[in-house]
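Kindly generate the corresponding structure for this input.
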Amino acid sequence: MRVSVLASGSSGNATVVQAGDTCVLIDCGISYRQLAARMRAQGLEPDRIGVVLLTHEHDDHVKGLEVFLRRHRVPVLATSGTLGAMPAPPPDAQRIMSGRQVRVGELTVLPVQISHDAREPVGFVLEGRDRRVGLVTDTGIFTELLLDRLAGCHALFIECNHDRDLLRVGPYPWPLKQRIASRTGHLSNEQACAAIERLAHSSLETVVGMHLSQTNNRPEMVERELSAVLAGSGARLTVASQHDACVVEIDGPAHRAGVGPG
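Numbers count the residues shown, from 1 in each chain. Now for the predicted structure:
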């Protein structure tokens, strides 16, 4: 499997997952021009995408979807809550439910309930070619159910939105700080470390820090804190960016992780 995080952050999110001939797009929160340019930098054409999966309806996850669908008529899979909260949901979108697997080409996709102030948000566990990948952004807490669903993943793409101290002393107004730190807000570095500590196992190959706040976090802070949790595990660590593609191959002992041109 190959996972290309094209953009990750509060300004826009988009991730491409490939398994053999199957190519899915998770969220479309960047412009078509950005999406196409970042895909082509990885040797992919946008018309390779066969399905779009949506985590939730917030603008930074869907604002590029309408233009993308004008150019590429592909199925969109989302929860009923997500579709109901979108101003103009795709008319032929297919509804998915947390806990109910769907087959997408060579991938099995399991939507997983998360805790965020959206209508019916989900993360995803994707399995294909004997590899299991978990992707969770925009969650205020890690529930026991979420930890159970992510158990045994070979790669984890986990939100590391903010450092608690930077958020506390930062420029955001107090109500926004409360929202971010709430159970339906965003995950702190400390919370991400606690989750990864529970999820680490001998076959974990890669961990990617996702959805960093440009105001309330720093990549070097995420790297330092998560590296301490992963020390001695053999898992590779990288941090996704708002502006540059992060490309991860999940293919067993020869795995590799790196940052590609954006």
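
Which strand or helix spans Arg224?
Arg224 is located in helix 219-230, with elements delineated by DSSP states H and E.

avg pLDDT for that helix?
Helix 219-230 carries an average pLDDT of 97.

May I have that helix as CSV, with CA atoms only?
C-alpha atoms of helix 219-230 as CSV (Å, rounded to 0.1, in the frame of the first residue of the first chain):
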residue,chain,number,x,y,z
PRO,A,219,6.7,19.8,13.8
GLU,A,220,9.8,19.5,16.0
MET,A,221,7.7,19.2,19.1
VAL,A,222,5.6,16.4,17.6
GLU,A,223,8.8,14.6,16.4
ARG,A,224,10.4,14.9,19.8
GLU,A,225,7.3,13.7,21.8
LEU,A,226,6.3,10.9,19.5
SER,A,227,9.9,9.7,19.1
ALA,A,228,10.1,9.2,22.8
VAL,A,229,7.0,6.9,22.7
LEU,A,230,8.3,4.9,19.7
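
ok, now which ones touch the residue nearest to Gln101 when sequence neighbours are not counted?
Excluding its sequence neighbours, the residue lying closest to Gln101 (Cβ to Cβ, 6 or more residues apart in numbering) is Leu110, at 5.0 Å. Using the backbone N, CA and C atoms, a C-beta is placed for each residue, glycine as well. Going by Cβ atoms under 8 Å, 6 or more residues apart in numbering, Leu110 touches 99-101, 124-127, 149.

circling back to that earlier point, buried residues in the helix holding Arg224?
For helix 219-230, the neighbour count (16 or more other Cβ atoms under 10 Å) marks 221-222, 225-226, 229-230 as buried.

wait, which of those residues is closest to Cys160?
Cys160 lies nearest to Val222 out of those, by Cβ to Cβ, at 4.7 Å.

measure that closest one to Ala155 for me?
Separation of Val222 from Ala155 (Cβ to Cβ, to the nearest Å) stands at 16 Å.

before we move on, the earlier item: measure how far the helix holding Arg224 is from the centre of its chain, please.
Centre-to-centre, helix 219-230 and its host chain are 18 Å apart (Cα atoms, centre = their mean, to the nearest Å).

So what are the sheet partners of the next helix or strand after that helix and their directions?
Sequence order places strand 236-239 as the next helix or strand after helix 219-230, per DSSP H and E. If you go by DSSP bridges, strand 236-239 pairs up with strand 206-210 (parallel).

What average pLDDT does the partner strand get?
98.

tell me the angle of that strand relative to helix 219-230?
Between strand 206-210 and helix 219-230, the angle comes out at 140 degrees (axes from the mean of the first three to the mean of the last three Cα atoms, to 10 degrees).

ok, and what's touching strand 206-210?
Against strand 206-210 from outside (Cβ under 8 Å, 6+ apart): 3, 5, 8, 135-137, 154-160, 192, 196, 219, 222-223, 226, 230, 235-240, 246, 248, 250, 255, 257.

name the element Arg119 belongs to?
Taking DSSP H and E as the definition, one finds Arg119 inside no helix or strand.

May I have the predicted confidence score for it?
97.

picking up where we left off before, neighbouring contacts of the helix holding Arg224?
The contact list for helix 219-230, computed with Cβ under 8 Å, 6+ apart, reads 160, 163, 189-190, 192-193, 196-197, 200, 207, 209, 212, 237, 239, 241.

what do you get if the cut-off is 10 Å, keeping everything else the same?
The contact list for helix 219-230, computed with Cβ atoms under 10 Å, 6 or more residues apart in numbering, reads 158, 160-163, 165-166, 188-190, 192-200, 204, 206-210, 212, 218, 235-241.

filter those to the buried ones?
Among the contacts of helix 219-230, the ones that count as buried by 16+ other Cβ under 10 Å are 158, 160-163, 166, 188-189, 192-193, 195-196, 199-200, 204, 206-210, 212, 235-241.
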